[in-house]
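1. this one's sequence-less:
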């Protein structure tokens, strides 16, 4: 058996595309052959799972978390598989709110390594990726724990993603925007085609807000594959009643029922789209025998926890963290800041990965800030501070401040903001994870 440290070391020894910014998206690197073989040797645990499959660019994790919270409130044992993690690698695999235990994680990774070693004796070139092993671990764990349903988030794209070996009860396409352009394509249509790879023949799909041309494409693919589809904003609608920096109150007109004065402890208009999507999904699951009441929907949304998404983690000054790592997400964050902090002094702490559109992020956020502090993520994919500085300088009202050390960057930001200002930390999931860890809000226990 592995220790937890040995399990992590083994995973880190595998090809990890999350840590590579220069990979190309081709069938040699990205295909379903390796994951299918690995799962076959594990006994095809995914064949026995009832699943919800979520693809898209923005909102996948939040939507998955809301669906999970509603189903858990209804008494179901729900597997949740998401990526990347903020602090603990075990965050990716959980049942309801409980992370996979270290001993369980270590056992399943050890078991999978033994299978990988056996396959390598037959096929010397067999080399599964970090994400393929993780995905196999999740499926095997959920099967072993006899979950009632598993909510599965796509890692990258959809068509060739390792999770795309399942046949879900309900599929979801959250908003598609420009991200991972080197791998998925330089335009929305190319990216949307990859996301649409999760649409199976005769399946049921919920489509969230999309650009008009993306929506037309997704509708056409659904019709070609004879998949039923429901659109947020048309078949499922919502109406905002109250918004604050910490929570929102809204109504949803669903496929089956209307839900009044739902309370969600997540900020930003985009979370209402995610919540409406989740409501549509759980309503559709009722056609497969799941019993979900209006009260389950109310309580599930009220109790959802999804850290690092426009989350206020401190006061005097207010300190906000957000995982916005592309232009579209940065625009959502900018609208939030404009709505609630327009008259306050805003200090922006920014760091990004090499493959992200830093200029799109900067265009949305830097003009709102009284000062921008550029820092560095602890990742081999981190864009150097000097490069960030040179790319964002023209969008800033004053020259950005460069700080290689995150702790120092945070200290200076809070000093600049003063007690009545706001510090906004954004640009990467990894940056937010480091901040939440440093502040002791999420730790690896």
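-> The structure has been received and is ready for your questions. A quick note: this is a predicted structure, and the numbers were derived from the prediction, not measured. Numbering: from 1, shown residues only.

2. Now do the same contact list for the spatially closest residue to residue 370 that is not a sequence neighbour.
-> Closest residue to residue 370 apart from its sequence neighbours, by Cβ to Cβ, 6 or more residues apart in numbering: residue 345 at 5.0 Å. C-beta: built from backbone N, CA, C; applies to glycine. Taking Cβ atoms under 8 Å, 6 or more residues apart in numbering, we find residue 345 in contact with 370, 416-418, 420-422.

3. just residue 341 next, same as before
-> Residues near residue 341 by Cβ under 8 Å, 6+ apart: 245, 318, 422.

4. now the residues you listed in TSV, with neighbour count, secondary structure and pLDDT?
-> Formatted as TSV, the contacts of residue 341 follow (neighbours: other Cβ atoms under 10 Å; DSSP: H, G, I helix; E, B strand; the rest coil; pLDDT from 0 to 100):
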residue	neighbour count	secondary structure	pLDDT
245	17	coil	96
318	20	strand	97
422	24	strand	98
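
5. Tell me how far the residue nearest to residue 370 lies from residue 365.
-> From residue 345 over to residue 365 the distance is 15 Å, taken as Cβ to Cβ, to the nearest Å.

6. swap in residue 78?
-> 35 Å.

7. need the strands for the stretch 101-250 of the chain, in chain order.
-> Here the stretch 101-250 of the chain has its strands, by DSSP state E, counting those that start in this stretch, at 149-153, 170-173, 204-207, 228-231, 237-243, 248-253.

8. most packed of these?
-> Stretch with highest mean neighbour count among these: strand 170-173 (a mean of 29; mean count of other Cβ atoms under 10 Å).

9. List of residues touching that one?
-> Residues outside strand 170-173 that contact it (Cβ under 8 Å, 6+ apart): 52-56, 60, 63, 195-196, 198-200, 203-208, 210, 218, 227, 277, 281, 284-285.

10. That strand pairs with which strands, and in what direction?
-> According to DSSP bridges, strand 170-173 has the following sheet partners: strand 51-55 (parallel), strand 204-207 (parallel).

11. and of these, who's closest to residue 7?
-> Using Cβ to Cβ as the measure, strand 51-55 is the one of the strands paired with strand 170-173 that comes nearest residue 7, at 24.5 Å.

12. tell me the mean pLDDT over the helix or strand just after that closest one?
-> Counting by DSSP states H and E, the element after strand 51-55 in chain order, helix or strand, is helix 60-73. For helix 60-73, mean pLDDT rounds to 98.

13. tell me the angle of helix 60-73 relative to strand 51-55?
-> Angle of helix 60-73 versus strand 51-55, following axes from the mean of the first three to the mean of the last three Cα atoms, to 10 degrees, is 160 degrees.

14. Next, the angle strand 149-153 makes with helix 60-73.
-> Helix 60-73 runs at 170 degrees relative to strand 149-153, counting by the same axes, to 10 degrees.

15. Check which element follows helix 60-73 along the chain.
-> strand 78-81.

16. chain center to that following strand: distance?
-> In terms of Cα atoms, centre = their mean, to the nearest Å, the centre of strand 78-81 is set 13 Å apart from its chain centre.

17. In terms of secondary structure, what does it contact?
-> In this structure, strand 78-81 packs against helix 60-73, strand 93-95, helix 130-144, strand 149-153, with contacts taken as 3 or more Cβ pairs under 8 Å, 6 or more residues apart in numbering; DSSP states H and E.

18. And the contacts of that strand?
-> For strand 78-81, the external contacting residues (Cβ under 8 Å, 6+ apart) are 49, 64-65, 68, 71-72, 92-96, 135, 138, 141-142, 145, 147-153, 163.

19. Now do the contacts for residue 139.
-> Taking Cβ under 8 Å, 6+ apart, we find residue 139 in contact with 39, 42, 45-46, 49, 150.

20. next one: residue 141
-> Applying Cβ under 8 Å, 6+ apart to residue 141 gives the contacts 79, 93, 100, 104, 108.

21. Please tell me how far residue 177 sits from residue 366.
-> According to Cβ to Cβ, residue 177 stands 19 Å off from residue 366.

22. Residue 356 now?
-> As judged by Cβ to Cβ, residue 356 and residue 366 stand 15 Å apart.
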